[in-house]
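Chemist: Quick one: sequence and predicted model below, then my questions.
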Number of protein chains: 4
Amino acid sequence: MIRIFVTGGTFDKEYNELTGSLFFKDTHLPEMLRLGRSRVEVAIETLMMIDSLEMTAADRARIVGECGRAAEARILVTHGTDTIVDTAAALAAAASVAGKTIVLTGAMIPYAFGSSDGLFNLGSALSFVQALPAGVYVAMNGRCFDWDRVRKNRGSGTFEDI
Amino acid sequence: MIRIFVTGGTFDKEYNELTGSLFFKDTHLPEMLRLGRSRVEVAIETLMMIDSLEMTAADRARIVGECGRAAEARILVTHGTDTIVDTAAALAAAASVAGKTIVLTGAMIPYAFGSSDGLFNLGSALSFVQALPAGVYVAMNGRCFDWDRVRKNRGSGTFEDI
Amino acid sequence: MIRIFVTGGTFDKEYNELTGSLFFKDTHLPEMLRLGRSRVEVAIETLMMIDSLEMTAADRARIVGECGRAAEARILVTHGTDTIVDTAAALAAAASVAGKTIVLTGAMIPYAFGSSDGLFNLGSALSFVQALPAGVYVAMNGRCFDWDRVRKNRGSGTFEDI
Amino acid sequence: MIRIFVTGGTFDKEYNELTGSLFFKDTHLPEMLRLGRSRVEVAIETLMMIDSLEMTAADRARIVGECGRAAEARILVTHGTDTIVDTAAALAAAASVAGKTIVLTGAMIPYAFGSSDGLFNLGSALSFVQALPAGVYVAMNGRCFDWDRVRKNRGSGTFEDI
């Protein structure tokens, strides 16, 4: 069983046709897993629905706490890409999650857009979280990075080794 | 560097609007990797473009031969789902590929359809092939099966343990 | 109030992922009108769900009969493109539909495919049927043809004047 | 020959994956007409690419001027929905466009989103502009309104008679 914690991010942004702006409603994760015909046993829980630029230390502490309390040893976290590395670092620093495999992933384009990378990233992260040993990782661009060896390149919009 | 061998299958079927039937033209793999913003180094080669129900022993021998000759130790094969397990078995029986990690994947719905599972499966297979030890595997439904412990359930259209 | 008669055709073809073939299930018309945020008052009725190459004289007589019996003076018929002109001719020959505006339309690519022309054609046909005087027309490629001045060019897949 | 003037609006908004915000790049009109397999002869010209809430009197005067100077008697204008009725009124008040058929249309959801009404609206507007007599109209929701008998209902996001 894989635990999936949803925290928002571009993944789940939608277009509000009355205001012309982007907003969060419900997570698209269940629909995306259906589309991928996933048969992986998962338990999905939405912790928050926020842009990761607005994520506070308290939000981050809550994610760490939930990952620590979760019964599952393998956890997938969906997250905005702007501060995904910060949350990965917070998780790696917590003794409560030691021994677990935690993979964070996000998207550059909302799933609701035709051209989203979200479905690819979800397939990727869900696979890495099943296959990798204990540790905290960021899965983006088809790759999986150790939490302390990755950064987002804001110019190219991709993740790279450091 | 990951080697990707394309053999056809539902993944790459397209709709011929002049005849109203499904056919193969070019592979969608490069476009799919672009959509997923993949930064994994890959070399894509199309070996054949066929429905896996029409795959002959000679076709299968060719796939095995190419996997053996490839310089890469990690290989992804796109394949029709109907006989994907047979090709996996042929690969596992070949001494020439021992020591390599080979992941076969396919799709239930053509990528050209809006509702395809292809992008999810590609993200999944590309991740498993990077993370798993040497062996021959089938990646479908978000899961990864050892070649000799999987079958396609034709009633449900999903892959399951045996 | 516009009457919409559904007869099948490429518009409504779907992909059967268990058999890998195209088939008819339910019409996509209501979903398409929702997507287009249509506020035109319509009554949708499915008369048959067939490929127009398989349409018999009896099927065609049924369409003519239903158009004649309909209370509405403006009728949209969705139809396979291969024999859409034949059905238009059958309608034009029927005294029972004289005085009505009847527009037939179809699609070259199933709506369920990402690259379908269906939504464009539906918007077009629904507009022509509101704006044009009594007569029988074929709406395809953004144009509207009198029933006796059009043919499908099977080489290009487009409709043209004769 | 139909003249199409592009002025921006939701139709052509795209998602900037580096900033996470919506912006204008190039118009999607040519791609949309290709998808609809349109064979209507059109000449497309981009006058501006702006949100209609930011449209000034000078912008509106420019649209009126271009419609007056255009050699074509049938003109389609793509426009943001928030002030589309204002531009329609400006056109109707101009002696220079008398005798022309001018249809304005827009979209509630950007074309680049999977769930856009744009393709439906374009098919609809392109059909009305071919079929209707001289006048200024707003085509939305599958309907066509006289310029002085329509308003946008901001609560429902639809256009209605006044």
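Modeler: Cool, got the structure.
Chemist: in the sheet, who's paired with the residue lying closest to residue A:92 once chain neighbours are set aside?
Modeler: Nearest non-adjacent residue to residue A:92, counting by Cβ to Cβ, 6 or more residues apart in numbering or on different chains: residue A:136, 4.4 Å away. All C-beta spots, glycine's among them, are computed from the backbone N, C-alpha and C. Beta-bridge pairing for residue A:136 (DSSP bridges): residue A:102.
Chemist: unless I'm mixing things up, residue A:136 is touching residue A:93, no?
Modeler: No - using Cβ atoms under 8 Å, residue A:136 is not in contact with residue A:93; the gap is 9.3 Å.
Chemist: In contact with the residue nearest the centre of chain A, which residues are there?
Modeler: With distances taken as Cα atoms, centre = their mean, residue A:78 lies nearest the centre of chain A, 2.0 Å away. For residue A:78, the contacting residues are A:4-9, A:11-12, A:27, A:29, A:104-106, A:122, by Cβ atoms under 8 Å, 6 or more residues apart in numbering or on different chains.
Chemist: Residue A:136 and residue A:93: who's more crowded?
Modeler: residue A:136 (26 against 11; other Cβ atoms under 10 Å in any protein chain shown).
Chemist: Just the pLDDT at the residue nearest to the centre of chain A, thanks.
Modeler: Here, the pLDDT recorded for residue A:78 equals 98.
Chemist: Just list whatever residues bridge to it.
Modeler: residue A:6, residue A:105.
Chemist: Report the buried members of the contacts of residue A:78.
Modeler: Those of those that meet the buried threshold are A:4-9, A:11-12, A:27, A:29, A:104-106, A:122, by 16 or more other Cβ atoms under 10 Å in any protein chain shown.
Chemist: can you tell me if the lengthiest strand in chain A touches chain D.
Modeler: Taking DSSP state E as the criterion, chain A has its longest strand at strand A:42-50. No - Strand A:42-50 lies out of reach of chain D by Cβ under 8 Å from any Cβ of the partner chain, never closer than 12.6 Å.
Chemist: That strand and chain B, are they touching?
Modeler: No - counting by Cβ under 8 Å from any Cβ, chain B is not contacted by strand A:42-50; separation bottoms out at 8.7 Å.
Chemist: Need the contact partners of that strand.
Modeler: A:1-8, A:12, A:24, A:26-27, A:29-30, A:33, A:55, A:59, A:62-63, A:66, A:72, A:76, A:80, A:126.
Chemist: Among the residues you listed, which lie within helices?
Modeler: Among those, DSSP state H puts A:29, A:30, A:33, A:59, A:62, A:63, A:66, A:126 in helices.
Chemist: how about the residues of chain A near chain C?
Modeler: Close to chain C, as judged by Cβ under 8 Å from any Cβ, chain A has residues residue A:114.
Chemist: Can you tell me which residue of chain A sits closest to chain C?
Modeler: Nearest to chain C, among the residues of chain A, is residue A:114, at 7.3 Å (Cβ to the nearest Cβ).
Chemist: Give the closest residue to that residue in space, chain neighbours not counted.
Modeler: Per Cβ to Cβ, 6+ apart, closest to residue A:114 is residue D:114, 4.3 Å.
Chemist: hmm, back to that, and the residue nearest to residue A:92, how far from chain D?
Modeler: Distance of residue A:136 to chain D, given as Cβ to the nearest Cβ, to the nearest Å: 24 Å.
Chemist: Same check on residue A:4?
Modeler: 22 Å.
Chemist: now residue A:146
Modeler: In terms of Cβ to the nearest Cβ, residue A:146 sits 25 Å off from chain D.
Chemist: Same check on residue A:30?
Modeler: Distance from residue A:30 to chain D, by Cβ to the nearest Cβ: 17 Å.
Chemist: Next one, pLDDT for that residue please.
Modeler: 97.
Chemist: follow-up on the earlier one: can you pull the phi and psi angles for the residue nearest to residue A:114?
Modeler: phi -60, psi -30 (degrees, to the nearest 10).
Chemist: doesn't residue A:112 make contact with it?
Modeler: Yes - if you go by Cβ under 8 Å, residue D:114 and residue A:112 touch, sitting 6.6 Å apart.
Chemist: Which one's more surrounded, these two?
Modeler: residue A:112 (20 against 16).
Chemist: ok, the more buried one - contacts?
Modeler: A:13, A:14, A:15, A:28, D:113, D:114, D:115.
Chemist: What subset of those is buried?
Modeler: A:13, A:14, A:15, A:28, D:113, D:114.
Chemist: what number of residues lie near residue A:36?
Modeler: Residue A:36, neighbours per other Cβ under 10 Å, totals 27.
Chemist: right, and it touches residue B:118 too?
Modeler: No - using Cβ under 8 Å, residue A:36 is not in contact with residue B:118; the gap is 9.2 Å.
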